[in-house]
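> sequence first, then the predicted structure:
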Amino acid sequence: MKLLAISDLHLGHAANRRAFLELSPRPDDWLIIGGDVGETLSHLALALEAATRRFRRVLWVPGNHELWTTREDGLRGEDKYAALVALCRRYGVSTPEDPYPLWEGPGGPCRLAPLFIGYDYSFRPDGVPRQQAVAWAAEAGVRCLDESALHPDPHPTREAWCEARLRATEPRLEDACRDHTTVLVNHYPLRRDLVRIPRIPRFSIWCGTRRTEDWHVRYRARVVVAGHLHLRTTDWIDGVRFEEVSLGYPRHWRRERGVDAYLREILPGPEPAPSAPGTVVHR
């Protein structure tokens, strides 16, 4: 019995759809789907249908792509998110709006916390004012479709939506970590130092919020799971394992290996890397 994770399936690409539908059954295992399944409700339904047939239990968190307003769905902001959550519930899939499941398999007991924490443009240099962040990225030719496709309605801005999610989530995590360690699952990285994208470094402003950088300690995390970067990594920080579990666009993975090869074991997982408190170990 294992807890596995994968994100950034991007089922809008035919190669990714075909490969995900060939995923091997693992009836004893649980699967975390870490966002960016696709852009539409039909993409998510395809993933949930396949995953729930192959795994004992499935958990999902949204990425930015799921929250885009598309011609097919026509929903914006909170309405799109609510429709995604409702779809997951029809398949019995846990979401950030549901009670956090207790993992009692190997490596447990541990409370699994699917999160929906967005970004607030704070992953930027201190000398760049918020009002200039998008222009600062554009100076290097870096743009994000979120600026036109991810609407925060009814919140006035994406930052305000992020703030609302932080306020709603923190008390729940305080309760969750009282009696158990946790596995924190968010589409976006919870720490700025994990956003290592050398080809487009200024894309960092769309990658998270500084407000979560101590959550791995504050909420007694065993493992922190994220995606979004399309760069699979394992890091150890303060004795906590951080897993980036993206599949990515077809150019980001080797199709001859199949999606099975890209499932990341979260629990029980490897033994902690030996390090002093505060040490960062990249693997």
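Okay, I see it.
> longest single strand anywhere in this structure?
strand 26-33 (DSSP state E).
> which strands border that strand, and is each parallel or antiparallel?
Sheet pairing here is set by DSSP bridges, and for strand 26-33 it gives strand 3-6 (parallel), strand 55-60 (parallel).
> would JSON lines of those strands with mean pLDDT, mean neighbour count and distance to Cys177 be doable?
From N, CA and C alone the C-beta is placed, and that goes for glycine too. Formatted as JSON lines, the strands paired with strand 26-33 follow (pLDDT from 0 to 100; neighbours: other C-beta atoms under 10 Å; distance: least, C-beta to C-beta, whole Å):
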{"stretch": "strand 3-6", "mean pLDDT": "98", "mean neighbour count": "23", "distance to Cys177": "18"}
{"stretch": "strand 55-60", "mean pLDDT": "98", "mean neighbour count": "22", "distance to Cys177": "18"}
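> those into a markdown table, with extra columns for distance to Pro106?
Converted to a markdown table, these look like this (distance: least, C-beta to C-beta, whole Å):
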| stretch | distance to Pro106 |
| --- | --- |
| strand 3-6 | 9 |
| strand 55-60 | 14 |
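> what's the closest of those to Thr234?
strand 3-6 (11.8 Å; C-beta to C-beta).
> kindly export the helix or strand that that closest one is followed by (C-alpha atoms) in CSV.
Scanning forward in sequence from strand 3-6 by DSSP states H and E, the next helix or strand is helix 14-21. The C-alpha trace of helix 14-21 is given here as CSV (Å, rounded to 0.1, in the frame of the first residue of the first chain):
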residue,chain,number,x,y,z
ALA,A,14,-3.5,13.8,-27.1
ALA,A,15,-0.2,12.1,-26.2
ASN,A,16,-0.8,12.7,-22.5
ARG,A,17,-4.4,11.5,-22.7
ARG,A,18,-3.4,8.2,-24.4
ALA,A,19,-0.6,7.6,-21.9
PHE,A,20,-2.7,8.3,-18.8
LEU,A,21,-5.4,5.9,-20.0
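> please name every helix or strand in contact with helix 14-21.
Contacting helix 14-21 under the criterion 3 or more C-beta pairs under 8 Å, 6 or more residues apart in numbering; DSSP states H and E are the following elements: helix 41-54.
> how about Ala143, secondary structure?
Check again: residue 143 is Arg, not Ala. Following DSSP: H, G, I helix; E, B strand; the rest coil, we place Arg143 in the coil state.
> excluding chain neighbours, what is closest to it?
Ala137 (6.9 Å; C-beta to C-beta, 6 or more residues apart in numbering).
> over to Met1?
Gly105 (4.1 Å).
> in which helix or strand does Asp235 reside?
Counting by DSSP H and E, Asp235 is found in strand 233-237.
> flag every buried residue along the longest strand of the chain.
By neighbour count on 16 or more other C-beta atoms under 10 Å, the buried set for strand 26-33 is 26, 29-33.
> for the closest residue to Val185 other than its chain neighbours, name its beta-bridge partners.
Excluding the flanking residues, the one nearest Val185 by C-beta to C-beta, 6+ apart is Val225, at 4.5 Å. Beta-bridge pairing for Val225 (DSSP bridges): Val185, Glu243.
> what's near enough to touch the residue positioned nearest the centre of the chain?
By C-alpha atoms, centre = their mean, the chain has its centre lying nearest to His187, at 1.7 Å. With contacts defined as C-beta atoms under 8 Å, 6 or more residues apart in numbering, the neighbours of His187 are 7, 34-36, 61-64, 116, 226-228.
> against Ala82, how distant is the closest residue to Asn186 other than its chain neighbours?
Nearest residue to Asn186, sequence neighbours excluded (C-beta to C-beta, 6+ apart): Leu115, at 4.2 Å. The gap separating Leu115 from Ala82 is 17 Å, by C-beta to C-beta, to the nearest Å.
> same check, this time on Ala51
Counting by C-beta to C-beta - Ala51 and Ala82 are separated by 21 Å.
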